[in-house]
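Visitor: Dropping a prediction and its sequence here:
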Amino acid sequence: MQISFQKTLGESSGTLVLGVFEERALTRSAQIIDSQIQGTLKKAIENSPFSGKKDEIISIVAPHGIQNNQILLVGLGNPKGMSSLDFQQLGGKLMAALCKGKDTQVVVDIMDDKIRQLPEMIANVAAGMNLRSWKFDKYKTKKKEESHLKELVFITPEPTVSEKAFEPLKHIAEGVALTRHVVSEPPNILYPESMAEIASELKRLKVGVEVLDEKHMKKLGMGALLGVGQGSIRESKLIVLEWMHGPKGEPPVAFIGKGVTFDTGGISIKPSNGMEDMKYDMAGSGVVLGLFKALALRGAKVNAVGIMGMVENMPSGSAQRPADVVTSMSGQTIEVINTDAEGRLVLADALWYTQDRFKPQAMIDLATLTGAISVALGWEYAGIFSNNDELVRKLTDAGNNVGEKLWRLPMGDSYDKDIDSEIADVKNTGSGRGAGSITAAQFLQRFVNNVPWAHLDIAGMAWEKKGKPLVGKGASAFGVRLLNEFLMKYYEDRT
Ligand code: BES
Ligand code: MN
Ligand code: ZN
């Protein structure tokens, strides 16, 4: 799909998109068209429930007196209250509506002086359309007719300003697309080694990529991570990404992702119903990967490292058992009560490795860690757990800016006691008295020293079941835009 920005509306034949403010007030550009087609737009609005409220859309098919096959009117609501996120979401909804049509060319003209920062806002509409247009049809041998949209043209008073604003947004969307891609791939195609190969492609963008194999991890003493992978014929990997383009000598911000490429539960096996969902149990690592692609493409002036703990959790003769005791890289011993509480075991070693090697200024881990997080928060917010109020504030704020919302849950000593083991230093599940997401976070914290740390439980957010403005059904890449914004706002913008 080709996206371009132009100053004037030339002849076009496909769909023309025009804007309407609340209370049926046509934008400037809509007024001009309306006068050319004898008030058809006004008449259409008067004869429909459409009133220009935010995100309302109506279609006028085969309008008389103009070349276009279709005019779409989109509601802009009150232009004063609209943020760049609102414009992105508008673009997303527009794209969802356009996918149902069959035009190959779409021209979007929502010009009006009442919209502040108009050229930038138009770039945000483009970004929203771009994000929503992603789909995964790699395994469809008969591509649906609907992959028809080829050309998107945006009318803007200042094309170069719009283009400049679109640049980073386009790069972020490419990172999002990579995340959605790896999360969507089936587990026979995407496993630790193939993920490492995909990650290695980022070398072309000057991202440092290192892959630690089992032998290497064994040497480092990563008994917790290796225990999870020992039942699988696929070799576990630890993938390390480095993007150090910020101030020299400044410690990096570290992002750690859970990368369980398939979670059967292991010997504590999951019920077969819905087990297929567990291909996206590597979404945390997928987010880290997409984030680094976005950082590299847009040349972010920041020091960042990404650590992806890649394993497959399978039952077999060599699999870890409930009751096994493993020794983690930190030296702490862990009693494995439930082999399905595997993500925390992987992260225990990944977190320890990260702080040990990189001495980061902050560590943020992402993991589809617990089903319990959706019991608490549903599918609206990811859970955030942290030892640092400031870090929570920054991450929550960044999430609000991009529409990836976080809600903090408590931590504390009484929860921590719940994971004391009778025979080892710690056990990998609580004693079943509720708060499953919190005891999981407490477990992680046992592997965090004095570093500002936040844990994002994205189990409810990684896979979109219904469709939202910026994401259709499927892998959401929740976290990529949030973490990009977090870095951009709090670590790059130091003027
Ligand atoms: N990968 C799952 C969590 C999950 C559930 C992710 C649903 C995405 C959607 C995790 O490894 C798991 O199995 N957690 C257990 C923990 C329990 C055994 C303490 C859970 O949530 O039931
Ligand atoms: Mn599990
Ligand atoms: Zn899991």
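Guide: Okay, I see it. Ligands and ions are numbered 1, 2, ... in the order given.
Visitor: Break this protein into its domains for me.
Guide: Split into domains by automatic domain parsing, the chain comes to 2-156, 172-492.
Visitor: which one of those domains lies closest to ligand 1?
Guide: Closest of the domains of the chain to ligand 1 is domain 172-492, at 3.4 Å (criterion: Cβ to the nearest ligand atom). (Each C-beta comes from the backbone N, C-alpha and C, glycine too.)
Visitor: do that closest one and ligand 2 meet at all?
Guide: Yes: Domain 172-492 reaches ligand 2 (Cβ under 5 Å from the ion) through Asp263, Asp340, Glu342.
Visitor: What separation do you get for the last one and ligand 3?
Guide: Okay, so that is Glu342. Plainly put, Glu342 is 6 Å away from ligand 3 if you go by Cβ to the ion, to the nearest Å.
Visitor: Now do the same contact list for that residue.
Guide: Contact partners of Glu342, counting by Cβ atoms under 8 Å, 6 or more residues apart in numbering, are Val228, Val260, Asp263, Gly266, Val311, Asn313.
Visitor: Then Ser476?
Guide: Contact analysis of Ser476 by Cβ under 8 Å, 6+ apart lists Arg180, Met461, Ala462, Trp463, Glu464, Lys468.
Visitor: now, among those residues, which is nearest to ligand 3?
Guide: Closest approach to ligand 3 among these (Cβ to the ion): Ala462, at 11.0 Å.
Visitor: ok, for the closest one, nearest residue in space, not its chain neighbours?
Guide: Leaving out its chain neighbours, the residue that sits closest to Ala462 by Cβ to Cβ, 6 or more residues apart in numbering is Ala283, at 3.6 Å.
Visitor: what do you get for Asn124?
Guide: Nearest residue to Asn124 in three dimensions, chain neighbours excluded: Phe87, at 3.9 Å (Cβ to Cβ, 6+ apart).
Visitor: Surely that neighbour is in a strand?
Guide: No: using DSSP: H, G, I helix; E, B strand; the rest coil, the assignment for Phe87 is helix, not a strand.
Visitor: which residues touch it?
Guide: For Phe87, counting by Cβ under 8 Å, 6+ apart, the contacting residues are Met121, Ile122, Asn124, Val125, Gly128.
Visitor: hmm, try it at 10 Å
Guide: Taking Cβ atoms under 10 Å, 6 or more residues apart in numbering, we find Phe87 in contact with 76, 110, 115, 117, 120-128.
Visitor: can you check Met1 too?
Guide: Listed by Cβ under 10 Å, 6+ apart, the contact partners of Met1 are Met95, Thr104, Val106, Met129, Asn130, Ser133, Ser147, Leu149, Lys150, Glu151, Leu152.
Visitor: where does the fifth one land in three-state SS?
Guide: Under three-state DSSP, Asn130 falls in the helix class.
Visitor: Could you check how far it is from ligand 3?
Guide: Relative to ligand 3, and taking Cβ to the ion, Asn130 is found at 31 Å.
Visitor: what helix or strand is the residue nearest to that residue when sequence neighbours are not counted on?
Guide: Distances taken as Cβ to Cβ, 6+ apart place Ala173 nearest to Asn130, at 4.8 Å, with adjacent residues excluded. Taking DSSP states H and E as the criterion, Ala173 maps to helix 159-184.
Visitor: any idea how far that helix is from the chain center?
Guide: 12 Å (Cα atoms, centre = their mean, to the nearest Å).
Visitor: Which strands or helices does the helix or strand following it pack on?
Guide: As assigned by DSSP H and E, the chain's next helix or strand after helix 159-184 is helix 192-200. Using 3 or more Cβ pairs under 10 Å, 6 or more residues apart in numbering; DSSP states H and E, the elements in contact with helix 192-200 are helix 159-184, strand 208-212, strand 237-244, strand 253-263, helix 283-297, strand 303-313.
Visitor: Can you point out the buried residues in helix 192-200?
Guide: Going by neighbour count (16 or more other Cβ atoms under 10 Å), the buried part of helix 192-200 is Pro192, Ser194, Met195, Ala196, Ile198, Ala199.
Visitor: close enough to count as contact, the fifth one and Arg204?
Guide: What it means is Ile198. No: applying Cβ atoms under 10 Å, one finds Ile198 not in contact with Arg204, separated by 12.0 Å.
Visitor: Assumed Ser12 was part of a strand.
Guide: No: assigned with three-state DSSP, Ser12 falls outside any strand and is coil.
Visitor: Excluding covalently adjacent residues, which one is nearest to Asn449?
Guide: Gln355 (5.9 Å).
Visitor: what residues are up against that neighbour?
Guide: Contacts of Gln355 by Cβ under 10 Å, 6+ apart are Ala254, Ile256, Ser330, Met363, Phe447, Val448, Asn449, Asn450, Val451, Trp453.
Visitor: that's a strand at it, yeah?
Guide: No: secondary structure of Gln355, determined by three-state DSSP: helix, with no strand assignment.
Visitor: and it, how far is that from Glu276?
Guide: Distance, Gln355 to Glu276, using Cβ to Cβ, to the nearest Å: 35 Å.
Visitor: same question, Leu220
Guide: Leu220 is 33 Å from Glu276, where distance means Cβ to Cβ.
Visitor: Who has more neighbours out of those two?
Guide: Leu220 (17 against 11; other Cβ atoms under 10 Å).
Visitor: need the contact list for that one.
Guide: Leu212, Leu226, Leu238, Met329, Asp349, Trp352, Tyr353, Asp356, Arg357.
Visitor: Tell me the most packed of the contacts of Glu342, by neighbour count.
Guide: That'd be Val311 among the contacts of Glu342, by other Cβ under 10 Å, with 33 neighbours.
Visitor: chain center to the host helix or strand of Arg344: distance?
Guide: Element membership for Arg344, per DSSP H and E: helix 343-358. Helix 343-358 sits 22 Å away from the centroid of its parent chain (Cα atoms, centre = their mean).
Visitor: So which bits of it are buried?
Guide: By 16+ other Cβ under 10 Å, the buried positions in helix 343-358 come out as 343-355, 358.
Visitor: related to what we said a few turns ago, nearest to Leu409, of the contacts of Leu220?
Guide: Trp352 (22.9 Å; Cβ to Cβ).
Visitor: I'd like the distance between Ala224 and Arg344.
Guide: 8 Å.
Visitor: before we move on, the earlier item: and of the contacts of Glu342, the nearest to ligand 3?
Guide: When the contacts of Glu342 are compared against ligand 3 (criterion: Cβ to the ion), the nearest one is Asp263, at 3.7 Å.
Visitor: The residue in the stretch 251-400 of the chain that ligand 2 sits nearest to: what's its closest spatial neighbour, skipping adjacent residues?
Guide: Among the residues of the stretch 251-400 of the chain, Asp340 lies nearest to ligand 2; the distance is 3.8 Å by Cβ to the ion. Excluding the flanking residues, the one nearest Asp340 by Cβ to Cβ, 6+ apart is Gly265, at 3.8 Å.
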